[in-house]
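# Show me how the following folds:
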Amino acid sequence: MRRRLLVSTSLIALAAVVLLGVPLAIVGTALIHQRADMVLERRADAIALRVARAQARGDDIAAVPVADLIPRNSAVQVSGAGEAITLGRVPSGRVTRETSGDGGPLRVTLVAPASARDDDVGALWLTVFGAGFGAVIAAALLASFQARRLAAPLEQLAGRVERVGESGYDGTLVAAHLPEIDQLQRALNGADRRIAELVERERQFTANASHQMRSPLTALRMRLEELQALAGTPEAQRESEAAMTQVDRLITTIEHLEVVARNRDDLPSAVDVGELVRSHVAAHGWVQAYAAAERQLAVFSADGLMVAIAPESVRQIVDVLLDNALRHGNGSVRVQISGPDDGWVRLSVGDDGPRPRDGSVIFQRGVGRGSGIGLAVARDLVLRAGGELRLGTSRTTVFEALLPAVRPRAVLPDLGAARAGRSPA
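Predicted structure coming up:
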(Lines give C-alpha, C1' and ligand atoms only; values in the text may rest on other atoms or scores of the structure.)
Protein backbone atom coordinates (compact mmCIF):
# COMPACT_ATOMS: atom_id res chain seq x y z
CA MET A 1 0.00 0.00 0.00
CA ARG A 2 2.80 2.41 0.87
CA ARG A 3 4.51 1.85 -2.46
CA ARG A 4 1.26 2.29 -4.38
CA LEU A 5 0.48 5.58 -2.66
CA LEU A 6 4.02 6.84 -3.21
CA VAL A 7 4.07 5.87 -6.89
CA SER A 8 0.57 7.15 -7.66
CA THR A 9 1.13 10.51 -5.94
CA SER A 10 4.50 10.98 -7.63
CA LEU A 11 2.98 10.18 -11.03
CA ILE A 12 0.16 12.66 -10.42
CA ALA A 13 2.65 15.36 -9.44
CA LEU A 14 4.80 14.57 -12.48
CA ALA A 15 1.78 14.78 -14.78
CA ALA A 16 0.81 18.14 -13.26
CA VAL A 17 4.34 19.45 -13.73
CA VAL A 18 4.40 18.35 -17.36
CA LEU A 19 0.93 19.71 -18.14
CA LEU A 20 1.67 23.08 -16.52
CA GLY A 21 5.43 23.45 -16.84
CA VAL A 22 5.86 22.65 -20.55
CA PRO A 23 3.22 25.19 -21.76
CA LEU A 24 4.66 27.74 -19.34
CA ALA A 25 8.15 27.19 -20.74
CA ILE A 26 6.85 27.45 -24.32
CA VAL A 27 5.06 30.72 -23.59
CA GLY A 28 8.13 32.03 -21.75
CA THR A 29 10.32 31.17 -24.72
CA ALA A 30 8.01 33.13 -27.04
CA LEU A 31 8.13 36.13 -24.69
CA ILE A 32 11.94 36.00 -24.56
CA HIS A 33 12.08 35.96 -28.37
CA GLN A 34 9.65 38.88 -28.53
CA ARG A 35 11.71 40.88 -26.04
CA ALA A 36 14.93 40.18 -27.96
CA ASP A 37 13.30 41.35 -31.20
CA MET A 38 12.15 44.55 -29.51
CA VAL A 39 15.67 45.24 -28.21
CA LEU A 40 17.15 44.74 -31.68
CA GLU A 41 14.46 46.95 -33.22
CA ARG A 42 15.21 49.77 -30.73
CA ARG A 43 18.92 49.52 -31.53
CA ALA A 44 18.10 49.72 -35.26
CA ASP A 45 15.99 52.85 -34.63
CA ALA A 46 18.82 54.45 -32.63
CA ILE A 47 21.34 53.69 -35.40
CA ALA A 48 18.95 55.11 -38.02
CA LEU A 49 18.63 58.31 -35.99
CA ARG A 50 22.41 58.80 -35.80
CA VAL A 51 22.86 58.08 -39.51
CA ALA A 52 20.07 60.54 -40.42
CA ARG A 53 21.70 63.31 -38.35
CA ALA A 54 25.06 62.62 -40.01
CA GLN A 55 23.45 62.84 -43.45
CA ALA A 56 21.84 66.14 -42.49
CA ARG A 57 25.26 67.53 -41.57
CA GLY A 58 26.77 66.13 -44.76
CA ASP A 59 29.09 63.74 -42.90
CA ASP A 60 30.27 60.42 -44.28
CA ILE A 61 27.84 57.67 -43.30
CA ALA A 62 30.63 55.12 -42.91
CA ALA A 63 32.23 57.32 -40.27
CA VAL A 64 29.12 57.55 -38.09
CA PRO A 65 29.99 56.22 -34.57
CA VAL A 66 27.41 53.41 -34.08
CA ALA A 67 29.69 50.63 -32.78
CA ASP A 68 28.23 50.98 -29.28
CA LEU A 69 24.76 50.18 -30.65
CA ILE A 70 25.76 47.11 -32.67
CA PRO A 71 25.61 43.84 -30.66
CA ARG A 72 28.56 41.49 -30.69
CA ASN A 73 28.95 39.41 -33.86
CA SER A 74 26.30 41.55 -35.60
CA ALA A 75 26.24 44.02 -38.53
CA VAL A 76 24.21 47.03 -39.74
CA GLN A 77 23.04 47.44 -43.31
CA VAL A 78 22.22 51.07 -44.24
CA SER A 79 20.43 51.91 -47.51
CA GLY A 80 18.80 55.06 -48.89
CA ALA A 81 19.56 58.18 -50.99
CA GLY A 82 21.37 56.00 -53.50
CA GLU A 83 23.79 54.59 -50.94
CA ALA A 84 24.09 51.13 -49.36
CA ILE A 85 26.80 50.32 -46.87
CA THR A 86 27.38 47.63 -44.27
CA LEU A 87 28.87 48.41 -40.90
CA GLY A 88 30.37 45.40 -39.15
CA ARG A 89 30.64 41.77 -40.26
CA VAL A 90 27.48 39.94 -41.29
CA PRO A 91 27.23 36.74 -39.20
CA SER A 92 27.08 33.37 -40.92
CA GLY A 93 24.44 30.73 -40.43
CA ARG A 94 20.96 31.45 -39.13
CA VAL A 95 20.39 35.16 -38.54
CA THR A 96 17.59 37.44 -37.39
CA ARG A 97 16.91 40.82 -39.02
CA GLU A 98 15.23 43.83 -37.49
CA THR A 99 14.61 47.01 -39.56
CA SER A 100 14.14 50.49 -38.18
CA GLY A 101 10.57 51.65 -38.22
CA ASP A 102 10.91 55.40 -38.87
CA GLY A 103 9.26 55.04 -42.28
CA GLY A 104 11.64 57.51 -44.02
CA PRO A 105 13.81 56.96 -47.10
CA LEU A 106 16.64 55.75 -44.88
CA ARG A 107 16.46 52.07 -43.99
CA VAL A 108 18.64 50.58 -41.31
CA THR A 109 18.61 46.80 -40.86
CA LEU A 110 20.32 45.18 -37.86
CA VAL A 111 21.55 41.65 -38.68
CA ALA A 112 22.30 39.49 -35.60
CA PRO A 113 22.86 35.75 -35.03
CA ALA A 114 19.66 33.83 -34.35
CA SER A 115 21.23 32.62 -31.11
CA ALA A 116 21.01 36.17 -29.79
CA ARG A 117 17.30 35.60 -29.29
CA ASP A 118 17.94 32.45 -27.19
CA ASP A 119 20.31 33.83 -24.57
CA ASP A 120 17.80 33.43 -21.72
CA VAL A 121 15.79 30.47 -23.08
CA GLY A 122 18.06 27.83 -21.54
CA ALA A 123 17.88 29.49 -18.14
CA LEU A 124 14.09 29.61 -18.42
CA TRP A 125 13.73 25.89 -19.23
CA LEU A 126 16.22 24.99 -16.52
CA THR A 127 14.23 27.02 -14.00
CA VAL A 128 10.95 25.40 -15.04
CA PHE A 129 12.34 21.86 -14.87
CA GLY A 130 14.13 22.58 -11.60
CA ALA A 131 10.93 23.86 -10.04
CA GLY A 132 9.03 20.87 -11.44
CA PHE A 133 11.59 18.42 -10.07
CA GLY A 134 11.38 20.10 -6.68
CA ALA A 135 7.59 19.86 -6.79
CA VAL A 136 7.76 16.12 -7.58
CA ILE A 137 10.22 15.52 -4.73
CA ALA A 138 8.02 17.49 -2.33
CA ALA A 139 4.97 15.50 -3.46
CA ALA A 140 6.87 12.22 -2.99
CA LEU A 141 7.87 13.22 0.55
CA LEU A 142 4.31 14.18 1.40
CA ALA A 143 3.06 10.94 -0.15
CA SER A 144 5.56 8.93 1.90
CA PHE A 145 4.37 10.62 5.08
CA GLN A 146 0.73 10.07 4.18
CA ALA A 147 1.41 6.45 3.20
CA ARG A 148 3.00 5.76 6.58
CA ARG A 149 0.10 7.44 8.32
CA LEU A 150 -2.44 5.31 6.44
CA ALA A 151 -0.53 2.04 6.22
CA ALA A 152 0.67 1.78 9.82
CA PRO A 153 -2.84 1.36 11.33
CA LEU A 154 -3.79 -1.06 8.56
CA GLU A 155 -0.69 -3.16 9.17
CA GLN A 156 -1.47 -3.24 12.89
CA LEU A 157 -5.03 -4.19 12.04
CA ALA A 158 -3.83 -6.99 9.74
CA GLY A 159 -1.68 -8.37 12.54
CA ARG A 160 -4.66 -8.33 14.88
CA VAL A 161 -6.83 -10.07 12.28
CA GLU A 162 -4.30 -12.92 12.15
CA ARG A 163 -4.77 -13.40 15.90
CA VAL A 164 -8.56 -13.32 15.85
CA GLY A 165 -9.91 -16.30 17.72
CA GLU A 166 -6.71 -16.91 19.68
CA SER A 167 -6.79 -16.93 23.44
CA GLY A 168 -4.25 -14.10 23.68
CA TYR A 169 -6.05 -11.77 21.31
CA ASP A 170 -5.96 -8.14 22.49
CA GLY A 171 -9.22 -6.39 21.74
CA THR A 172 -8.05 -2.96 22.92
CA LEU A 173 -8.97 -0.31 20.36
CA VAL A 174 -5.88 1.50 19.07
CA ALA A 175 -7.05 4.87 17.80
CA ALA A 176 -5.79 5.53 14.27
CA HIS A 177 -7.53 8.92 14.05
CA LEU A 178 -9.04 7.71 10.79
CA PRO A 179 -12.81 7.15 11.10
CA GLU A 180 -12.97 4.27 8.62
CA ILE A 181 -10.12 2.31 10.23
CA ASP A 182 -11.41 2.95 13.76
CA GLN A 183 -14.84 1.69 12.69
CA LEU A 184 -13.22 -1.40 11.15
CA GLN A 185 -11.39 -2.11 14.42
CA ARG A 186 -14.62 -1.89 16.38
CA ALA A 187 -16.32 -4.26 13.93
CA LEU A 188 -13.36 -6.64 14.19
CA ASN A 189 -13.54 -6.68 17.98
CA GLY A 190 -17.23 -7.49 17.81
CA ALA A 191 -16.61 -10.29 15.32
CA ASP A 192 -13.85 -11.70 17.52
CA ARG A 193 -16.18 -11.83 20.51
CA ARG A 194 -18.79 -13.68 18.48
CA ILE A 195 -16.19 -16.09 17.10
CA ALA A 196 -14.81 -16.73 20.58
CA GLU A 197 -18.30 -17.52 21.88
CA LEU A 198 -18.97 -19.85 18.94
CA VAL A 199 -15.64 -21.66 19.34
CA GLU A 200 -16.19 -22.06 23.07
CA ARG A 201 -19.65 -23.56 22.50
CA GLU A 202 -18.23 -25.97 19.92
CA ARG A 203 -15.42 -27.00 22.25
CA GLN A 204 -17.88 -27.65 25.04
CA PHE A 205 -20.06 -29.69 22.71
CA THR A 206 -17.05 -31.68 21.49
CA ALA A 207 -15.90 -32.36 25.03
CA ASN A 208 -19.39 -33.40 26.15
CA ALA A 209 -19.99 -35.56 23.08
CA SER A 210 -16.63 -37.33 23.36
CA HIS A 211 -17.17 -37.93 27.07
CA GLN A 212 -20.65 -39.31 26.50
CA MET A 213 -19.32 -41.62 23.77
CA ARG A 214 -16.27 -42.82 25.68
CA SER A 215 -18.30 -43.84 28.71
CA PRO A 216 -20.52 -46.41 26.93
CA LEU A 217 -17.56 -47.59 24.85
CA THR A 218 -15.59 -48.22 28.02
CA ALA A 219 -18.52 -50.14 29.46
CA LEU A 220 -18.80 -52.11 26.22
CA ARG A 221 -15.13 -53.02 26.39
CA MET A 222 -15.57 -54.28 29.94
CA ARG A 223 -18.46 -56.49 28.80
CA LEU A 224 -16.31 -57.80 25.97
CA GLU A 225 -13.55 -58.64 28.44
CA GLU A 226 -16.09 -60.60 30.50
CA LEU A 227 -17.30 -62.40 27.38
CA GLN A 228 -13.71 -63.24 26.48
CA ALA A 229 -13.17 -64.68 29.94
CA LEU A 230 -16.35 -66.73 29.61
CA ALA A 231 -15.67 -67.80 26.02
CA GLY A 232 -15.61 -71.55 25.70
CA THR A 233 -13.97 -71.89 22.31
CA PRO A 234 -10.85 -70.37 20.74
CA GLU A 235 -12.98 -68.93 17.95
CA ALA A 236 -15.14 -67.03 20.45
CA GLN A 237 -12.01 -65.67 22.14
CA ARG A 238 -10.64 -64.49 18.81
CA GLU A 239 -13.90 -62.74 17.97
CA SER A 240 -14.04 -61.06 21.37
CA GLU A 241 -10.42 -59.90 20.97
CA ALA A 242 -11.24 -58.51 17.53
CA ALA A 243 -14.27 -56.71 18.96
CA MET A 244 -12.15 -55.18 21.75
CA THR A 245 -9.59 -54.08 19.16
CA GLN A 246 -12.31 -52.32 17.22
CA VAL A 247 -13.60 -50.66 20.39
CA ASP A 248 -10.07 -49.47 21.24
CA ARG A 249 -9.72 -48.20 17.71
CA LEU A 250 -13.00 -46.32 18.00
CA ILE A 251 -11.94 -44.75 21.31
CA THR A 252 -8.63 -43.67 19.78
CA THR A 253 -10.45 -42.16 16.81
CA ILE A 254 -12.78 -40.20 19.09
CA GLU A 255 -9.85 -38.87 21.10
CA HIS A 256 -7.97 -37.88 17.94
CA LEU A 257 -10.97 -36.11 16.45
CA GLU A 258 -11.45 -34.28 19.74
CA VAL A 259 -7.84 -33.09 19.60
CA VAL A 260 -8.28 -32.00 15.98
CA ALA A 261 -11.49 -30.16 16.82
CA ARG A 262 -9.68 -28.29 19.59
CA ASN A 263 -6.91 -27.34 17.17
CA ARG A 264 -4.26 -29.08 19.30
CA ASP A 265 -3.23 -31.86 16.94
CA ASP A 266 -0.14 -33.78 17.90
CA LEU A 267 3.03 -32.67 16.17
CA PRO A 268 3.65 -34.50 12.86
CA SER A 269 6.22 -37.26 13.14
CA ALA A 270 8.17 -39.04 10.45
CA VAL A 271 6.36 -42.31 9.68
CA ASP A 272 6.78 -44.98 7.03
CA VAL A 273 3.42 -44.51 5.36
CA GLY A 274 3.65 -47.75 3.37
CA GLU A 275 4.26 -49.87 6.45
CA LEU A 276 1.60 -47.99 8.39
CA VAL A 277 -1.06 -48.47 5.70
CA ARG A 278 -0.25 -52.17 5.19
CA SER A 279 -0.39 -52.95 8.89
CA HIS A 280 -3.55 -50.92 9.38
CA VAL A 281 -5.39 -52.57 6.48
CA ALA A 282 -4.38 -56.02 7.72
CA ALA A 283 -5.18 -55.39 11.39
CA HIS A 284 -8.57 -53.76 11.02
CA GLY A 285 -10.40 -56.22 8.83
CA TRP A 286 -10.54 -54.31 5.56
CA VAL A 287 -9.45 -57.34 3.53
CA GLN A 288 -12.20 -59.43 5.14
CA ALA A 289 -14.77 -56.67 4.61
CA TYR A 290 -14.00 -56.53 0.89
CA ALA A 291 -13.94 -60.32 0.65
CA ALA A 292 -17.41 -60.43 2.22
CA ALA A 293 -18.55 -58.03 -0.52
CA GLU A 294 -16.91 -60.34 -3.12
CA ARG A 295 -14.40 -57.68 -4.03
CA GLN A 296 -10.61 -57.57 -3.94
CA LEU A 297 -8.37 -55.19 -2.02
CA ALA A 298 -4.66 -54.83 -2.74
CA VAL A 299 -1.98 -52.57 -1.26
CA PHE A 300 1.10 -51.59 -3.27
CA SER A 301 3.90 -49.59 -1.69
CA ALA A 302 7.65 -49.16 -1.82
CA ASP A 303 9.67 -49.31 1.38
CA GLY A 304 10.94 -46.27 3.22
CA LEU A 305 8.43 -43.69 2.02
CA MET A 306 8.49 -41.30 4.96
CA VAL A 307 5.91 -38.57 5.49
CA ALA A 308 5.45 -35.88 8.14
CA ILE A 309 1.98 -36.54 9.53
CA ALA A 310 0.40 -37.92 12.68
CA PRO A 311 -0.03 -41.72 12.33
CA GLU A 312 -3.62 -41.57 13.54
CA SER A 313 -4.40 -39.08 10.78
CA VAL A 314 -3.10 -41.55 8.18
CA ARG A 315 -5.27 -44.32 9.62
CA GLN A 316 -8.38 -42.17 9.51
CA ILE A 317 -7.67 -41.00 5.96
CA VAL A 318 -7.26 -44.61 4.81
CA ASP A 319 -10.43 -45.67 6.65
CA VAL A 320 -12.48 -42.92 5.03
CA LEU A 321 -11.21 -43.66 1.51
CA LEU A 322 -11.60 -47.44 1.86
CA ASP A 323 -15.07 -47.07 3.36
CA ASN A 324 -16.05 -44.72 0.54
CA ALA A 325 -14.78 -47.21 -2.07
CA LEU A 326 -16.58 -50.08 -0.35
CA ARG A 327 -19.89 -48.23 -0.14
CA HIS A 328 -19.94 -46.35 -3.42
CA GLY A 329 -17.30 -47.95 -5.66
CA ASN A 330 -17.24 -50.98 -7.92
CA GLY A 331 -14.79 -53.77 -8.66
CA SER A 332 -11.40 -54.25 -7.09
CA VAL A 333 -9.79 -51.54 -4.98
CA ARG A 334 -6.11 -50.60 -5.19
CA VAL A 335 -4.24 -48.72 -2.48
CA GLN A 336 -0.97 -47.41 -3.89
CA ILE A 337 1.76 -45.39 -2.18
CA SER A 338 4.41 -43.89 -4.47
CA GLY A 339 7.02 -41.16 -4.48
CA PRO A 340 8.63 -39.07 -3.36
CA ASP A 341 7.91 -36.75 -6.27
CA ASP A 342 8.86 -33.07 -5.88
CA GLY A 343 8.73 -33.42 -2.11
CA TRP A 344 5.41 -35.29 -1.98
CA VAL A 345 4.37 -38.88 -1.30
CA ARG A 346 1.22 -39.91 -3.15
CA LEU A 347 -1.33 -42.09 -1.35
CA SER A 348 -4.06 -43.12 -3.79
CA VAL A 349 -7.16 -45.28 -3.36
CA GLY A 350 -8.95 -46.23 -6.57
CA ASP A 351 -11.65 -48.60 -7.76
CA ASP A 352 -13.22 -49.55 -11.09
CA GLY A 353 -16.28 -47.35 -10.69
CA PRO A 354 -16.89 -44.29 -12.89
CA ARG A 355 -15.45 -40.98 -11.81
CA PRO A 356 -18.04 -38.83 -9.95
CA ARG A 357 -19.40 -35.92 -11.93
CA ASP A 358 -19.54 -33.62 -8.92
CA GLY A 359 -15.78 -33.67 -8.36
CA SER A 360 -15.72 -30.00 -7.37
CA VAL A 361 -18.18 -30.41 -4.49
CA ILE A 362 -17.61 -34.00 -3.44
CA PHE A 363 -15.45 -32.90 -0.49
CA GLN A 364 -18.11 -30.57 0.90
CA ARG A 365 -19.99 -31.63 3.99
CA GLY A 366 -23.45 -33.02 3.38
CA VAL A 367 -22.71 -34.08 -0.20
CA GLY A 368 -23.38 -37.68 -1.23
CA ARG A 369 -25.66 -40.50 -0.24
CA GLY A 370 -24.01 -41.15 3.13
CA SER A 371 -23.40 -38.84 6.05
CA GLY A 372 -21.49 -36.50 3.80
CA ILE A 373 -18.69 -35.77 6.28
CA GLY A 374 -16.19 -38.60 5.73
CA LEU A 375 -14.37 -37.11 2.75
CA ALA A 376 -14.56 -33.66 4.33
CA VAL A 377 -12.87 -34.96 7.50
CA ALA A 378 -10.21 -36.76 5.45
CA ARG A 379 -9.50 -33.64 3.48
CA ASP A 380 -9.22 -31.57 6.68
CA LEU A 381 -6.69 -34.05 8.08
CA VAL A 382 -4.60 -33.92 4.90
CA LEU A 383 -4.71 -30.12 4.82
CA ARG A 384 -3.64 -29.93 8.47
CA ALA A 385 -0.55 -31.94 7.53
CA GLY A 386 0.25 -29.47 4.75
CA GLY A 387 -0.91 -31.75 1.93
CA GLU A 388 -3.80 -31.99 -0.49
CA LEU A 389 -6.61 -34.48 -1.07
CA ARG A 390 -8.08 -34.45 -4.55
CA LEU A 391 -10.04 -36.51 -7.04
CA GLY A 392 -7.89 -37.96 -9.82
CA THR A 393 -8.35 -37.17 -13.50
CA SER A 394 -8.77 -40.76 -14.74
CA ARG A 395 -12.11 -42.15 -15.93
CA THR A 396 -12.40 -44.36 -12.86
CA THR A 397 -12.65 -43.15 -9.29
CA VAL A 398 -9.23 -42.45 -7.77
CA PHE A 399 -8.67 -40.33 -4.66
CA GLU A 400 -5.13 -39.00 -4.25
CA ALA A 401 -3.67 -37.70 -0.99
CA LEU A 402 -0.43 -35.74 -1.40
CA LEU A 403 1.54 -35.90 1.85
CA PRO A 404 4.76 -33.96 2.61
CA ALA A 405 7.75 -36.27 2.24
CA VAL A 406 10.53 -36.48 4.82
CA ARG A 407 14.14 -37.41 4.14
CA PRO A 408 15.16 -40.79 5.58
CA ARG A 409 17.76 -39.17 7.85
CA ALA A 410 14.93 -37.32 9.64
CA VAL A 411 13.46 -40.62 10.88
CA LEU A 412 13.47 -41.07 14.61
CA PRO A 413 15.66 -43.95 15.87
CA ASP A 414 12.75 -45.95 17.24
CA LEU A 415 11.07 -46.06 13.85
CA GLY A 416 13.81 -48.35 12.53
CA ALA A 417 12.86 -50.99 15.05
CA ALA A 418 9.24 -50.61 14.09
CA ARG A 419 10.06 -51.27 10.42
CA ALA A 420 11.78 -54.53 11.34
CA GLY A 421 8.49 -56.01 12.45
CA ARG A 422 6.22 -54.93 9.58
CA SER A 423 3.88 -57.42 7.99
CA PRO A 424 2.56 -56.91 4.44
CA ALA A 425 -1.17 -56.74 3.92
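# What separation do you get for Thr218 and Thr396?
Distance, Thr218 to Thr396, using Cβ to Cβ, to the nearest Å: 42 Å. Using the backbone N, CA and C atoms, a C-beta is placed for each residue, glycine as well.
# so is the closest residue to Phe129 other than its chain neighbours in a helix, a strand, or just coil?
Nearest residue to Phe129, sequence neighbours excluded (Cβ to Cβ, 6 or more residues apart in numbering): Gly21, at 7.0 Å. Secondary structure state of Gly21, per DSSP: H, G, I helix; E, B strand; the rest coil, is helix.
# now what about stretch 105-115, what contacts it?
Residues outside stretch 105-115 that contact it (Cβ atoms under 8 Å, 6 or more residues apart in numbering): 40-41, 43-45, 47-48, 51-52, 55, 70-71, 73-81, 90-91, 93-100.
# Separate out the buried members of the residues you listed.
Among the contacts of stretch 105-115, those classed as buried by neighbour count (16 or more other Cβ atoms under 10 Å) are 40, 43-45, 47-48, 51-52, 55, 70-71, 73-78, 80, 91, 95-96, 98-100.
# Return the residues in contact with Val18.
Going by Cβ under 8 Å, 6+ apart, Val18 touches Gly132.
# which residues of the protein fall in helices?
For the chain, helices defined by DSSP state H occupy the ranges 2-57, 121-162, 179-230, 234-261, 273-283, 286-292, 311-328, 374-384, 413-420.
# Can you check what angle separates the third one from helix 234-261?
Right, the one you point to is helix 179-230. For helix 179-230 against helix 234-261, the angle by axes from the mean of the first three to the mean of the last three Cα atoms, to 10 degrees is 170 degrees.
# can you give me phi and psi for the residue lying farthest from the centre of the chain?
Residue farthest from the centre of the chain, counting by Cα atoms, centre = their mean, is Gly58 at 92.1 Å. Note on Gly58: backbone dihedrals following degrees, to the nearest 10 are phi 80, psi 20.
# Might one say that Pro404 is in contact with Val307?
Yes - under the criterion of Cβ atoms under 8 Å, Pro404 makes contact with Val307 at 6.3 Å.
# list the residues that contact both of the two?
Joint contacts of Pro404 and Val307 (Cβ under 8 Å, 6+ apart) are 345, 385.
# Neighbour count: the two, which is higher?
Val307 (29 against 16; other Cβ atoms under 10 Å).
# List the residues that contact the more buried one.
Listed by Cβ under 8 Å, 6+ apart, the contact set of Val307 reads 270-271, 273, 314, 345, 385, 403-406.
# now swap in Arg117 and tell me
32-33, 36-37, 96.
# quick one: contacts for the nearest residue to it once chain neighbours are set aside?
Nearest in space to Arg117, with sequence neighbours left out and distances taken as Cβ to Cβ, 6+ apart, is Ala36 at 4.1 Å. Residues in contact with Ala36 (Cβ under 8 Å, 6+ apart) are 96, 116-117, 119.
# Pick out the most distant pair among these.
Pairwise distances among these were taken by Cβ to Cβ; the largest, 12.2 Å, belongs to Thr96 and Asp119.
# Let me know the pLDDT of the residue farthest from the centre of the chain.
Gly58 carries a pLDDT value of 72.
# Repeat that for Thr397.
Thr397 is assigned a pLDDT of 90 by the prediction.
# Quick check: the gap between it and Leu321.
According to Cβ to Cβ, Thr397 stands 10 Å off from Leu321.
# Next: Arg223.
Using Cβ to Cβ, Arg223 is found at 32 Å from Leu321.
# Give me the more crowded residue out of these two.
Neighbours per residue (other Cβ under 10 Å) separate Arg223 from Leu321, with Leu321 holding more: 26 against 13.
# wait, doesn't that one sit right on Phe399?
Yes - contact criterion Cβ under 8 Å: Leu321 and Phe399 qualify, at 5.3 Å.
# which residues are in contact with both of the two?
The contact sets of Leu321 and Phe399 overlap at Val349 (Cβ under 8 Å, 6+ apart).
# how deep is the closest residue to Ala131 other than its chain neighbours tucked in, by neighbour count?
With Cβ to Cβ, 6+ apart as the criterion, Ala131 has its nearest non-adjacent residue at 7.3 Å, and that residue is Gly21. Neighbourhood size, Gly21 [other Cβ under 10 Å]: 19.
# ok now do Gly21, which residues does it touch?
128-129, 131-132.
# would you turn these into JSON lines with distance to Leu141 and neighbour count?
Formatted as JSON lines, the contacts of Gly21 follow (distance: Cβ to Cβ, whole Å; neighbours: other Cβ atoms under 10 Å):
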{"residue": "Val128", "distance to Leu141": "21", "neighbour count": "20"}
{"residue": "Phe129", "distance to Leu141": "19", "neighbour count": "14"}
{"residue": "Ala131", "distance to Leu141": "16", "neighbour count": "13"}
{"residue": "Gly132", "distance to Leu141": "15", "neighbour count": "20"}
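# Before I go, just wanted to say thanks for your time.
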